[in-house]
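**Student:** Take a look and give me a structure for this.
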Amino acid sequence: MRSFDVLAGVTPTWPGSTPAGRVVAEFLGQVRITGDPDAAAAVMAPVVRCHQMNSEAPATIERTPADYAEHVREMLADFDRVEYVVTELLSENDHVYVRWQQTGHVLRGQALVELGSAVYRVSRGCIAEYWIQLDRHGLLAQINEA
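**Tutor:** Sure thing, here's the model as predicted:
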């Protein structure tokens, strides 16, 4: 699978997807861009280890599905609309790599583009852990130009 738009409530499918890939696809369409806590509980382990891979201060936090859903809803509240495009999805065994471009349109009309990627580890049909990298510098540069 190369590139696809993630649409709220739609689980993307593709030929040859792995079981782990299907879990992550469901997570993207049902949780990542909606903040649905019930959907989060269905595809996330009770506690997920979230490795935030920042050069200056890497950190690992733990989130429940409800915590993650709230995090997404807070992000969505800051934008008039959000477009989320997966530009690469690779799946092997229990690991799934996703690279994306997220464009959020703030209420003033300015578009902010975030580039990121994550590797998700799926265990027993749920996301148990992930490693995320974001282009925070690029996002800050866009904010400072506004």
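**Student:** give me the low-pLDDT residue ranges for the chain?
**Tutor:** 1-2, 107-109, 146 (pLDDT under 70).
**Student:** Spell out the residue ranges of the helices in it.
**Tutor:** 19-27, 37-43, 65-77, 136-145 (DSSP state H).
**Student:** so who does the most centrally placed residue in the chain touch?
**Tutor:** What sits nearest the mean C-alpha location of the chain, by C-alpha atoms, centre = their mean, is residue 32, with 5.0 Å. Contact analysis of residue 32 by C-beta atoms under 8 Å, 6 or more residues apart in numbering lists 6, 72, 84. The C-beta positions use only the backbone N, C-alpha and C, and glycine is treated the same way.
**Student:** try 10 Å
**Tutor:** By C-beta atoms under 10 Å, 6 or more residues apart in numbering, the contact list for residue 32 reads 6, 8, 24, 26, 39-40, 43, 68-69, 72, 75, 84, 86, 98, 100, 102, 118.
**Student:** filter the residues you listed to the buried ones?
**Tutor:** Applying 16 or more other C-beta atoms under 10 Å to the contacts of residue 32, the neighbour count classes 6, 24, 26, 39-40, 43, 68-69, 72, 75, 84, 86, 98, 100, 102, 118 as buried.
**Student:** sorry, back to before: among the helices of the chain, which is the most enclosed?
**Tutor:** Mean neighbours per residue, mean count of other C-beta atoms under 10 Å, is largest over the helices of the chain for helix 19-27, with a mean of 22.
**Student:** got the angle for that helix vs helix 65-77?
**Tutor:** Angle of helix 19-27 versus helix 65-77, following axes from the mean of the first three to the mean of the last three C-alpha atoms, to 10 degrees, is 50 degrees.
**Student:** packing partners for helix 19-27?
**Tutor:** helix 37-43, strand 81-92, strand 95-105, strand 111-123, strand 126-134 (3 or more C-beta pairs under 10 Å, 6 or more residues apart in numbering; DSSP states H and E).
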